[in-house]
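Peer 1: Here's a sequence, model it:
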Amino acid sequence: MFTVEHTCLVVVDVQGKLATIVDDSEVVIQNIAKLVQAMNALEVPILWLEQNPSRLGGTALEIAQHLEGQPLAKIAFSACQESAFVDAMKASGRTQFIMTGIETHICVYQTARQLKEQGFEVEVVVDAVSSRTKANKEVGLEKMKALEILPTSTEMILYELLQRADHAHFKTVLQLIK
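Peer 2: A predicted model of the protein is given here:
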């Protein structure tokens, strides 16, 4: 079970025009924004990534407005191949990683796979990831599942982190989910 004390959210490359043309983009962006706001309330660290931002643009405003600090820029498809990400990941001290972002079959998949190969627990939020085509998203999710990177949903992972209806931030998270 994922816990607030061990979890880190990874937001992968929800940038520029691509963020608006992936399959079901509005729902994906809304769900990532909900996750980011909930993680902020729960004080769960967030690693925020941007793929080649000088060419692809910045993170979608609906998400970026809730993020603190600066994104970690990357060129490699897997963030695990970027020293800034590896350093931030180690500094977080976390062992459980929740994956969100785009594209499911490229950067999300490769990062999740390498985190799993390093012995971390990794889950992918299926309603908070996407690719340009639904087929590519499905292939990415299937390959992750074959690697024992389990699927979850926005609502499911938030309730898992809360664990109890009397959690201090239950009402805050509930308002985001509604």
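Peer 1: tell me the SS of E123?
Peer 2: The three-state label given to E123 by DSSP: H, G, I helix; E, B strand; the rest coil is strand.
Peer 1: so how many other residues sit close to I102?
Peer 2: Look at I102: counted by other CB atoms under 10 Å, it has 30 neighbours. (C-beta placed from N, C-alpha, C; glycine too.)
Peer 1: Repeat that for the one 4 residues further on.
Peer 2: Here the neighbour count serves as a burial measure; for I106 (other CB under 10 Å) it reads 18.
Peer 1: Helices of this structure, start to end?
Peer 2: Using DSSP state H, the helices of the chain run over 16-21, 25-42, 53-56, 61-64, 83-92, 109-117, 134-146, 154-162, 170-177.
Peer 1: The ones you listed: which one's closest to L72?
Peer 2: Nearest of these to L72, taken as CB to CB: helix 83-92 at 4.8 Å.
Peer 1: follow-up on the earlier one: mind giving me TSV with the helices of the chain and columns for mean pLDDT?
Peer 2: TSV is the format used below for those (pLDDT from 0 to 100):
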stretch	mean pLDDT
helix 16-21	92
helix 25-42	97
helix 53-56	90
helix 61-64	96
helix 83-92	96
helix 109-117	98
helix 134-146	98
helix 154-162	96
helix 170-177	91
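Peer 1: A19 is in contact with L56, correct?
Peer 2: No - when contacts are counted by CB atoms under 8 Å, L56 is not listed as touching A19 (9.1 Å).
Peer 1: ok, those two, which is more surrounded?
Peer 2: Neighbour tally, L56 and A19, criterion other CB under 10 Å: the higher count belongs to A19, 24 against 15.
Peer 1: Find the nearest non-adjacent residue to the more buried one, please.
Peer 2: A60 (4.4 Å; CB to CB, 6 or more residues apart in numbering).
Peer 1: Tell me which residues touch I177, please.
Peer 2: I177 makes contact with K34, T154, E155, L158 under the criterion CB atoms under 8 Å, 6 or more residues apart in numbering.
Peer 1: and the residue most central in space within the chain, bridged to which residues?
Peer 2: Of all residues in the chain, the one closest to the mean position by CA atoms, centre = their mean is T100, 2.5 Å from it. Taking DSSP bridges as the rule, T100 bridges to V11.
Peer 1: was I right about it contacting D127?
Peer 2: No - between T100 and D127 there is no contact under CB under 8 Å: 9.4 Å.
Peer 1: of all the helices of the chain, which lies closest to C8?
Peer 2: Among the helices of the chain, helix 83-92 sits nearest to C8 (CB to CB), with 5.0 Å.
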